[in-house]
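S.K.: sharing a sequence plus its predicted fold:
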Amino acid sequence: MELWPAESIWEAVSPLLPDFTVEVLPEIDSTNTELMRRARAGRTEPTLLVAEQQTAGRGRMGRQWESAPGDSLTFSLGLPLQPADWSGLSLAVGLSLAESLHPSIRLKWPNDLWLDERKLGGILVEAASSSGSSFVVVGVGLNIRPRPGDGLRMPPAALLDVWSEATAGAALLRVAAPLVQTLLAFARTGFAPLQARYAARDLLAGREVVTSDGQQGQALGVGPTGALRLQLPGRVLEVVSAEVSVRPVTS
Ligand code: BTN
């Protein structure tokens with residue numbers, strides 16, 4: 001097992017989140033699935049769950065998330081959270097990660113991290129609720145070392161491309177406390193205060209993009225609730241659905 005800075009992470013995060021625990025597992029089906037299972041069983045204490053290997057990692061829109069031990073960082077953060085408005089939460093998570101990790105990381109709506117026109121990482125946000133209180137699970141997969149891009153249009157990027165000392169543990173230590181801070185602030189004030197910072201890293205703004213449901217137009221940036229604004233012929237479309245994906249049109 002790699003050495004994980006679990007104690008340093010705990011020291012940085014526990015002042016923000018009482019009852020916080022860090023748990024590192026050699027293998028599990030999926031850290032998101034596990035924290036959702038626990039939440040449904042009534043276990044909603046704030047937890048950072050890291051897996052060295054996932055056997056059934058999940059991505060957005062029912063996709064699989066593949067990773068090999070040591071090559072990537074795979075974790076989920078679960079905590080009780082009651083935001084007044086959930087819209088833009090995954091954008092806030094992406095922004096927090098990007099700002100903690102490197103100035104060149106860009107954000108591809110709604111929640112991918114990109115580096116040099118290639119995907120570096122992804123985010124899967126899920127929520128469980130029972131008797132009026134909600135529990136959010138923020139799952140993050142980040143490529144640390146280059147890996148073959150079998151079957152992918154573009155081989156993925158890796159954090160080592162821009163941070164020569166990067167390891168999964170060092171990356172987790174950098175992102176954990178700022179991510180918790182971002183989530184707690186988001187619950188109070190939503191996405192709007194983050195809109196300008198998101199814009200500074202927006203990969204799609206100004207580009208011609210096509211959505212998975214076939215709409216094509218120029219991306220105009222994201223609005224105060226995190227909706228992607230698309231200029232279509234004669235009108236502006238606000239894309240909000242988490243079930244829509246977007247990609248730049250390349251000529
Ligand atoms: C995506 O790009 O579609 C999102 C990928 C999210 C992957 C992470 S890895 C840790 C956590 N557990 C999962 O099963 N998925 C998320």
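M.R.: Ah, there it is. Numbers count the residues shown, from 1 in each chain.
S.K.: quick check: residues of the protein near the ligand?
M.R.: Within the chain, the positions near the ligand by Cβ under 6 Å from any ligand atom are 30-32, 54, 57-60, 63, 65, 74-76, 112, 122-124, 139-141. From N, CA and C alone the C-beta is placed, and that goes for glycine too.
S.K.: now list the buried members of the residues you listed.
M.R.: Buried members of the residues of the chain next to the ligand, scored by 16 or more other Cβ atoms under 10 Å, are 30-32, 54, 57-58, 60, 65, 74-76, 112, 122-124, 139-141.
S.K.: and stretch 134-148, how far out from the chain middle?
M.R.: From the chain centre to the centre of stretch 134-148 is a distance of 6 Å (Cα atoms, centre = their mean, to the nearest Å).
S.K.: what packs against the helix or strand hosting residue 91?
M.R.: For residue 91, the host element (DSSP states H and E) is helix 89-101. For helix 89-101, the contact count by 3 or more Cβ pairs under 8 Å, 6 or more residues apart in numbering; DSSP states H and E identifies strand 106-108, strand 112-115, strand 118-130, strand 133-143, helix 168-189, helix 195-201 as packing neighbours.
S.K.: now those as a markdown table including mean pLDDT and distance to residue 46?
M.R.: A markdown table is the format used below for these (pLDDT from 0 to 100; distance: least, Cβ to Cβ, whole Å):
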| stretch | mean pLDDT | distance to residue 46 |
| --- | --- | --- |
| strand 106-108 | 97 | 25 |
| strand 112-115 | 96 | 23 |
| strand 118-130 | 94 | 14 |
| strand 133-143 | 97 | 9 |
| helix 168-189 | 98 | 8 |
| helix 195-201 | 98 | 25 |
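S.K.: so which of those comes closest to residue 20?
M.R.: Set against residue 20 and scored by Cβ to Cβ, the helices and strands packed on helix 89-101 come closest in helix 168-189, at 8.0 Å.
S.K.: list the buried residues of that closest one.
M.R.: Within helix 168-189, the residues that qualify as buried are 168-180, 182-183, 186-187, counting by 16+ other Cβ under 10 Å.
S.K.: try stretch 101-112
M.R.: Under the neighbour-count criterion of 16+ other Cβ under 10 Å, stretch 101-112 has 101, 102, 105, 106, 107, 108, 109, 110, 111, 112 buried.
S.K.: pretty sure the first one sits against residue 175.
M.R.: Yes. Proximity of residue 101 to residue 175 meets the contact threshold set by Cβ atoms under 8 Å, at 6.5 Å.
S.K.: give me the nearest residue to the residue nearest to the spatial centre of the chain, chain neighbours excluded.
M.R.: Nearest to the geometric centre of the chain sits residue 123, at 2.7 Å (Cα atoms, centre = their mean). Counting by Cβ to Cβ, 6 or more residues apart in numbering, residue 123 lies nearest to residue 111, which is 4.0 Å off, once chain neighbours are set aside.
S.K.: would you agree the one you found is in contact with residue 125?
M.R.: Yes. Applying Cβ under 8 Å, one finds residue 111 in contact with residue 125, separated by 7.3 Å.
S.K.: circling back to that earlier point, any chance of the buried residues of stretch 101-112 in JSON lines, with distance to residue 161 too?
M.R.: Shown next, in JSON lines, are the buried residues of stretch 101-112 (distance: Cβ to Cβ, whole Å):
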{"residue": "101", "distance to residue 161": "12"}
{"residue": "102", "distance to residue 161": "9"}
{"residue": "105", "distance to residue 161": "10"}
{"residue": "106", "distance to residue 161": "13"}
{"residue": "107", "distance to residue 161": "17"}
{"residue": "108", "distance to residue 161": "17"}
{"residue": "109", "distance to residue 161": "22"}
{"residue": "110", "distance to residue 161": "23"}
{"residue": "111", "distance to residue 161": "20"}
{"residue": "112", "distance to residue 161": "16"}
